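Trainee: model this:
(one chain, ligands or ions: 2)
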Amino acid sequence: MAKDPVRVLVTGAAGQIGYALVPMIARGVMLGPDQPVILHMLDIPPAAESLNGVKMELIDAAFPLLKGVVATTDVVEACTGVNIAVMVGGFPRKEGMERKDVMSKNVSIYKGQASALEKYAAANCKVLVVANPANTNALILKEFAPSIPGKNITCLTRLDHNRALGQIAERLNIQVSDVKNVIIWGNHSSTQYPDVNHATVKTPAGEKPARELVADDDWLKGEFITTVQQRGAAIIKARKLSSALSAASAACDHIRDWVLGTPEGTWVSMGVYSDGSYNVPAGLIYSFPVTCRDGEWTIVQGLPIDEFSRKKMDATAEELTEEKALAYSCLS
Ligand SMILES: NC(=O)C1=CN([C@@H]2O[C@H](COP(=O)(O)OP(=O)(O)OC[C@H]3O[C@@H](n4cnc5c(N)ncnc54)[C@H](O)[C@@H]3O)[C@@H](O)[C@H]2O)C=CC1
Ligand SMILES: O=C([O-])CC(=O)C(=O)O
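Mentor: Ligands and ions are numbered 1, 2, ... in the order given. Next comes the predicted model:
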């Protein structure tokens with residue numbers, strides 16, 4: 001029997017990530033090849049004409065899974081009945097800026113849209129915040145939408161996770177699909193901690209620790225970490241625009257694994273509210289290793305944390321605590 005369509009909201013849909021993301025959703029990349037979707041696309045009035053152009057192209061692409069398109073500048077219409085909300089709307093940083101430099105413009109958007117989601121989205125709507133500063137926008141959304149279960153509000157660090165997989169694969173000259181279980185801890189910012197201590201690589205002789213195969217601790221503790229931390233800035237420098245296709249792809253990975261589950265033996269990184277696991281201050285939206293099953297994420301427990309990792313995990317938590325205070329000062 002055909003499945004009922006799932007309503008997926010993309011805010012900022014006329015922007016560059018939106019333009020890469022909506023065709024992926026309509027093709028089944030996010031929710032699977034047998035899951036019909038209805039796309040809800042929100043943008044602001046100055047982008048209305050462009051948003052309508054995206055709608056025209058979606059019609060022209062004749063996607064078999066796409067059962068409807070709502071393109072609107074009305075936040076209530078956009079949020080009504082949505083099962084999944086991918087929050088991309090906001091302003092991207094430009095060369096030379098840190099992601100928190102767009103804080104004052106973006107957090108107020110998230111405060112406002114929290115209420116609309118709370119009132120009009122489907123019960124149990126899953127929310128993914130992509131717009132920067134992603135963790136803090138998600139935190140604000142969570143705090144101003146108290147009736148949405150905290151577990152349903154997440155932010156995107158899967159792009160960083162995928163970047164870390166990509167760097168290991170490039171270094172070892174192997175397929176990225178043979179690398180797994182890197183971790184991004186903390187903030188989607190330059191203080192994030194990409195951790196390979198538990199990552200493994202599939203080899204003809206079985207799974208081996210990535211650290212052992214790379215066999216270069218200086219690189220793993222130095223250039224590897226800074227490359228992943230700074231990758232967003234490197235893309236902006238090269239493209240004069242921030243990452244879009246990789247961000248859209250990572251957003252699909254995040255939702256797909258959350259809804260359909262992570263493969264056995266594999267974890268992924270998601271920005272989720274901290275319950276105090278790994279001594280991360282409770283209540284922050286912090287990136288952890290998670291497994292997903294039956295539409296729920298669970299933080300992977302019990303991983304040994306060495307002193308090097310501890311310091312980096314604490315530093316990024318501290319930045320998130322500061323960002324939270326800054327966000328509230330922007331809102332007042
Ligand atoms: N978490 C992550 O891994 C990543 C996050 N980002 C962030 O994603 C966001 C979007 O990036 P791009 O698509 O490149 O930017 P963009 O500027 O191309 O598109 C953003 C869109 O949001 C719209 N918008 C602004 N205010 C809005 C509101 N109140 N409601 C609905 N829409 C609104 C704009 O009109 C624009 O169409 C930025 O904040 C960027 O920094 C980008 C890459 C990766
Ligand atoms: O770096 C930026 O501003 C855009 C972004 O979040 C990323 O590419 O990771």
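
Trainee: rest of the way, CA atoms for contacts and neighbours
Mentor: Noted.

Trainee: Helices along the stretch 201-332 of the chain, start to end?
Mentor: For the stretch 201-332 of the chain, applying DSSP state H, counting those that start in this stretch gives helices covering 210-214, 217-221, 223-229, 231-239, 245-260, 307-331.

Trainee: if you look at the third one, does any of it touch ligand 1?
Mentor: No: using C-alpha under 6 Å from any ligand atom as the criterion, no contacts between helix 223-229 and ligand 1 are found, and the smallest distance is 11.2 Å.

Trainee: Sort out which residues of that helix are buried, please.
Mentor: Buried residues in helix 223-229, counted by 16 or more other C-alpha atoms under 10 Å: Phe224, Ile225, Thr226, Thr227, Val228, Gln229.

Trainee: helices or strands next to it in the packing?
Mentor: With contacts taken as 3 or more C-alpha pairs under 8 Å, 6 or more residues apart in numbering; DSSP states H and E, helix 223-229 sits against helix 158-172, strand 193-195.

Trainee: Check which helices and strands the following helix or strand past the longest one is in contact with.
Mentor: When you say that, I think you mean helix 158-172. The element immediately downstream of helix 158-172 (helix or strand, assigned by DSSP states H and E) is strand 179-180. Packed against strand 179-180 by the contact rule (3+ C-alpha pairs under 8 Å, 6+ apart) you find helix 158-172, strand 200-203.

Trainee: Out of those, flag the one nearest ligand 1.
Mentor: Among the helices and strands packed on strand 179-180, helix 158-172 comes nearest to ligand 1, with 5.1 Å by C-alpha to the nearest ligand atom.

Trainee: quick one: which helix or strand includes the residue in the stretch 1-150 of the chain that ligand 2 sits nearest to?
Mentor: Nearest residue of the stretch 1-150 of the chain to ligand 2: Arg93, at 4.9 Å (C-alpha to the nearest ligand atom). Per DSSP H and E, Arg93 falls between elements, in no helix or strand.

Trainee: What residues does it make contact with?
Mentor: Residues near Arg93 by C-alpha atoms under 8 Å, 6 or more residues apart in numbering: Arg99, Asp101, Val102, Ser242.

Trainee: With Tyr278 instead?
Mentor: By C-alpha under 8 Å, 6+ apart, Tyr278 lies in contact with nothing.

Trainee: Equivalent analysis for Ile25, please.
Mentor: By C-alpha under 8 Å, 6+ apart, Ile25 lies in contact with Leu31, Val37, Cys252.

Trainee: switch to 7 Å and redo it
Mentor: Residues near Ile25 by C-alpha atoms under 7 Å, 6 or more residues apart in numbering: none.

Trainee: helix/strand/coil for Ser189?
Mentor: Secondary structure for Ser189, judged by DSSP: H, G, I helix; E, B strand; the rest coil, is coil.

Trainee: quick revisit: so can I have a markdown table of the helices of the stretch 201-332 of the chain showing distance to Gly68?
Mentor: Formatted as a markdown table, the helices of the stretch 201-332 of the chain follow (distance: least, C-alpha to C-alpha, whole Å):
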| stretch | distance to Gly68 |
| --- | --- |
| helix 210-214 | 44 |
| helix 217-221 | 47 |
| helix 223-229 | 38 |
| helix 231-239 | 33 |
| helix 245-260 | 19 |
| helix 307-331 | 36 |
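
Trainee: for the contacts of Arg93, which one is nearest Met41?
Mentor: Distance to Met41 across those (C-alpha to C-alpha) is lowest for Ser242, with 20.6 Å.

Trainee: Check the gap between the nearest residue to that closest one once chain neighbours are set aside and Ser177 for me.
Mentor: With sequence-adjacent residues excluded and distances taken as C-alpha to C-alpha, 6 or more residues apart in numbering, Ser242 is closest to Ile236, at 4.6 Å. Distance of Ile236 to Ser177, given as C-alpha to C-alpha, to the nearest Å: 26 Å.

Trainee: quick one on the thing from earlier: nearest to Arg27, out of the helices and strands packed on strand 179-180?
Mentor: Closest approach to Arg27 among the helices and strands packed on strand 179-180 is made by helix 158-172 (20.1 Å; C-alpha to C-alpha).

Trainee: buried stuff in that closest one?
Mentor: By 16+ other C-alpha under 10 Å, the buried positions in helix 158-172 come out as Arg158, Leu159, Asp160, His161, Asn162, Arg163, Ala164, Leu165, Gly166, Gln167, Ile168, Ala169.

Trainee: counting contacts, what elements does it pack onto?
Mentor: Helices and strands touching helix 158-172, by 3 or more C-alpha pairs under 7 Å, 6 or more residues apart in numbering; DSSP states H and E, are strand 179-180, strand 183-185, helix 223-229, helix 245-260, strand 268-273.
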